[in-house]
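Asker: Fold the following for me, if possible:
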Amino acid sequence: TAGLTVELFVNDFLMAIFFLLVGIELKYEMTVGELKNPRQAMLPMLAAVGGVVVPACIYLIFNHAGAHNGWAIPMATDIAFSLGVLSLLGKRVPLSLKIFLTAFAVVDDIGGILVIAIFYSSHVAYEYLLWAALLYVLLYFIGKKGATNKIFFLVVGVVIWYLFLQSGIHSTISGVILAFVIPAKPQLNVGTYIERIRRIISTFPEMGANNIVLTNQQIAKLKEVESASDRVISPLQSLEDNLHGAVNYLVLPLFAFVNAGVMFSGEGEVIGGVTLAVALGFLGIYSFTWLAVKSGLTPMPLGMNWKNISGVALLGGIGFTVSLFIANLSFGSAHPVLLNQAKLGVLSGTVMA
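Answerer: Now for the predicted structure:
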């Protein structure tokens with residue numbers, strides 16, 4: 001392959017870390033979150049379908065010829081960005097509304113991941129995918145046996161990322177799948193952990209009043225505490241906690257710095273079909289939610305009403321990170337004018353939303 005440029009490193013490798021975090025959030029929601037209960041999950045799932053279908057249709061209505069390849073650009077909702085805006089309202093926002101926004105944004109991301117995997121992958125080299133699949137199976141069974149070493153999962157994950165990069169399937173998908181083979185269950189439950197800590201503390205050797213140097217026995221006891229603490233937090237939850245800072249303060253700012261630049265010139269429209277599709281995406285979220293509730297398919301969650309659903313539907317139109325990512329996949333360097341319009345459309349549409 002050609003040399004790995006900074007842009008390719010950010011878009012192919014660092015964004016795989018971002019999608020690993022997205023995959024962890026998906027697994028969490030499907031295991032213990034809002035998407036675990038099918039009846040509770042139905043409303044945000046239908047809202048997400050509206051948020052995918054309607055913006056894509058609006059885009060295709062206003063964009064023809066070569067620009068139609070970007071139909072998936074306005075379908076993504078930026079979870080962190082939209083929740084960040086919602087959090088500005090503090091306690092005035094009911095908990096059910098935050099859960100609803102998180103759930104439909106997560107489902108929306110599933111749609112984005114599938115679109116990237118199906119429509120934005122080149123010719124597939126199946127031998128690389130076969131090796132990647134074998135490594136996933138290996139990680140799954142190692143996790144089932146009780147392995148908790150996050151570094152091991154991440155190192156094998158880098159190997160899988162390389163195999164995806166060579167296979168023709170977009171390499172960021174490897175991060176999402178990796179999340180689903182990382183164990184979500186800790187080795188120790190909280191009750192057993194507390195009992196073990198109490199026993200260790202009760203046998204901890206006493207220190208002299210002026211003794212600041214630990215004895216070997218004291219160090220051994222503290223290591224027992226450390227080992228037990230590592231085993232009471234699942235690798236999945238621990239990795240999620242570790243990745244949030246790296247993704248929010250390194251990956252996403254670098255991605256925005258590399259990809260969000262807009263060249264202002266005489267070519268192309270300032271406000272066009274992409275802008276309208278991103279900004280009007282809330283219509284799909286609101287209309288599908290309204291149809292689901294009015295038809296009796298699912299009840300309105302407690303604490304929510306049509307006024308605040310319309311507000312959170314607007315926030316669903318915020319599609320910064322993944323929308324810019326799909327814009328690059330759609331047009332790239334081959335269509336700089338269309339890519340420029342798409343970037344400006346995503347940025348202005350997100351501001352309008």
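Asker: so how far is G303 from L88?
Answerer: Distance of L88 to G303, given as CB to CB, to the nearest Å: 18 Å. C-beta coordinates here come from the backbone N, C-alpha and C atoms, glycine included.
Asker: The two: which has the busier surroundings?
Answerer: More crowded of L88 and G303, by other CB atoms under 10 Å: G303, with 13 against 8.
Asker: mind listing what the more buried one touches?
Answerer: Neighbouring residues of G303 by CB atoms under 8 Å, 6 or more residues apart in numbering: 94-97.
Asker: from the residues you listed, which is closest to F204?
Answerer: L95 (41.1 Å; CB to CB).
Asker: low-scoring stretches of the stretch 151-300 of the chain, by residue?
Answerer: The model of the stretch 151-300 of the chain has pLDDT under 70 over residues 207-211, 260-275, 278-279.
Asker: And the helices in it?
Answerer: Per DSSP state H, counting those that start in this stretch, the stretch 151-300 of the chain carries helices over the ranges 173-179, 190-202, 216-232, 235-246, 252-259, 273-279, 282-294.
Asker: likewise the stretch 1-150 of the chain?
Answerer: 6-8, 15-31, 38-62, 79-87, 95-119, 126-144, 150-167.
Asker: Now V159: closest residue in space that isn't a chain neighbour?
Answerer: In this structure, V159 finds its nearest non-sequential neighbour in L135, 6.5 Å apart by CB to CB, 6 or more residues apart in numbering.
Asker: hang on, isn't that neighbour packed against V158?
Answerer: No: using CB atoms under 8 Å, L135 is not in contact with V158; the gap is 10.7 Å.
Asker: burial count for the nearest residue to L154 once chain neighbours are set aside?
Answerer: Leaving aside its sequence neighbours, L154 sits nearest to L239 (CB to CB, 6+ apart; 7.9 Å). As a burial measure, L239 scores 20 neighbours (other CB under 10 Å).
Asker: I figured L239 was touching K150, is that so?
Answerer: Yes: with contact defined as CB under 8 Å, L239 counts as touching K150 (5.3 Å).
Asker: where do the contact lists of these two overlap?
Answerer: Common neighbours of L239 and K150 (CB under 8 Å, 6+ apart) are I182.
Asker: one step back: V247: which of the helices of the stretch 1-150 of the chain is closest?
Answerer: helix 15-31 (5.1 Å).
Asker: Now do the buried residues in the closest one.
Answerer: Under the neighbour-count criterion of 16 or more other CB atoms under 10 Å, helix 15-31 has 15-30 buried.
Asker: measure the residue nearest to D78 when sequence neighbours are not counted to A353 for me?
Answerer: Spatial nearest neighbour of D78, excluding adjacent residues (CB to CB, 6+ apart): F320 at 4.6 Å. Distance of F320 to A353, given as CB to CB: 10 Å.
Asker: and what of F13?
Answerer: According to CB to CB, F13 and A353 sit 29 Å apart.
Asker: now L163
Answerer: Counting by CB to CB, the separation of L163 from A353 is 37 Å.
Asker: swap in S333?
Answerer: 28 Å.
Asker: Between those two, point out the one with more neighbours.
Answerer: The neighbour comparison of S333 against A353 (other CB under 10 Å) goes to A353, with 23 against 8.
Asker: Name the SS class of the residue nearest to the more buried one when sequence neighbours are not counted, please.
Answerer: The shortest distance from A353 to any non-neighbouring residue, by CB to CB, 6+ apart, is to G317 (3.1 Å). In three-state terms, and counting by DSSP: H, G, I helix; E, B strand; the rest coil, G317 is coil.
Asker: Would you confirm that G317 contacts L283?
Answerer: No: G317 sits out of contact with L283 when judged by CB under 8 Å, with a separation of 9.1 Å.
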